[in-house]
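**Q** fold the following for me, if possible:
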Amino acid sequence: MIDIGFFLEIIPKLLSGVPLTLQLAGTSILLGFVIALLLALAQQGEHRLVVWPIRTFVAVFRGTPLLVQIFLIYYGLGQFRPSLQAIGLWGLFREPYWCAILALTLNTAAYGSEILRGAIKNVPRGLGEAAKALGMSRVLTLRLVILPIALRQAIPSYGNEIILMVKGTSLASIITLMEVTGIAQGLISQSYRAIEVFIAAGAIYLFINFLIVRALAYLEIRMTPYRSHG
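**A** Okay, here's the model as predicted:
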């Protein structure tokens, strides 16, 4: 039988891991979005020497589990310690936090680049041609016409990717980071009450993702003014 008193006891402890969970998710999503946008734009030219390395990167990170990617980065980079020390990066990548950030960032960048590439491709070509006819440069057309429409179209799909990233931060617990899932595992080892602990942890993730869904819905309305009057 579920003990409500135990629930009330563990929730504050689990909530103490929320800042790290949000930090991991927020940092990786932000960095991943920048990389994804650059990769999506780079593929618009269809130059093979540019496109194929990007598609290989995307295929690797979309085709392998995030758990494996975290393990490879956390444990695998240790094999290159002399090289990383030579360029001053070993102090960074010996930390579990930065290894988790790197893995999460590269993973979401791979998925995000495909979302954004498809969104850009779906913008009607006539809009770009009309902007060109008005004398707008390619960069200006991209910034003022193509990207605003593409980003608006990408919100639903990219929202799913953001939610997956929030849930993906739970895997950081395997490299000793004490976010929500890491704390949950510690509580289970102490109390042997896995059901209550994981239900509480799951409720926290559910609430975080609910707020994200509401925020993205608001953003979508703001980027589509005519819908707010419908």
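
**Q** elements contacting the lengthiest helix in the chain?
**A** Looking across the chain with DSSP state H, the single longest helix is helix 194-222. Packing partners of helix 194-222 (3 or more C-beta pairs under 8 Å, 6 or more residues apart in numbering; DSSP states H and E): helix 4-15, helix 18-42, helix 147-168, helix 180-191. In short, each C-beta sits where N, CA and C put it, glycine included.

**Q** by mean pLDDT, show me the worst of these.
**A** Lowest mean pLDDT within the helices and strands packed on helix 194-222: helix 4-15, at a mean of 88.

**Q** for that helix, the distance to its chain's centre please.
**A** 28 Å (C-alpha atoms, centre = their mean, to the nearest Å).

**Q** contacts for it next, please.
**A** Contact partners of helix 4-15, identified using C-beta atoms under 8 Å, 6 or more residues apart in numbering, comprise V180, I183, A184, L187, S191, R193, E196, V197, A200, A201, I204.

**Q** does the third one touch I199 like I think?
**A** No: at 10.0 Å, A184 does not count as touching I199 under the criterion of C-beta atoms under 8 Å.

**Q** those two: which is more packed in?
**A** For A184 and I199, the more surrounded residue by other C-beta atoms under 10 Å is A184, and the numbers stand at 24 against 12.

**Q** out of the helices and strands packed on helix 194-222, which is closest to E95?
**A** helix 18-42 (12.7 Å; C-beta to C-beta).

**Q** residues making contact with that closest one?
**A** Residues from elsewhere that reach helix 18-42 (C-beta under 8 Å, 6+ apart): 50-51, 54, 57-58, 97, 100-101, 104-117, 120, 142, 158, 162, 165-166, 168-170, 172, 177-180, 204, 208.

**Q** how far off helix 147-168 does that helix point, in degrees?
**A** Relative orientation of helix 18-42 versus helix 147-168 (axes from the mean of the first three to the mean of the last three C-alpha atoms, to 10 degrees): 140 degrees.

**Q** restrict the helix or strand following helix 18-42 to CA atoms and write it as CSV.
**A** Where DSSP states H and E defines the elements, the next helix or strand beyond helix 18-42 is helix 48-63. Presented in CSV, the C-alpha positions along helix 48-63 are these (Å, rounded to 0.1, in the frame of the first residue of the first chain):
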residue,chain,number,x,y,z
ARG,A,48,28.0,17.0,-51.3
LEU,A,49,31.2,17.9,-49.4
VAL,A,50,29.0,19.8,-46.9
VAL,A,51,25.9,17.7,-46.9
TRP,A,52,27.2,14.2,-46.5
PRO,A,53,29.3,14.7,-43.4
ILE,A,54,26.3,16.4,-41.8
ARG,A,55,24.0,13.5,-42.8
THR,A,56,26.5,11.0,-41.4
PHE,A,57,26.6,12.9,-38.1
VAL,A,58,22.8,12.9,-38.0
ALA,A,59,22.5,9.2,-38.9
VAL,A,60,25.0,8.3,-36.2
PHE,A,61,23.4,10.2,-33.4
ARG,A,62,19.8,9.4,-34.4
GLY,A,63,20.6,5.8,-35.0
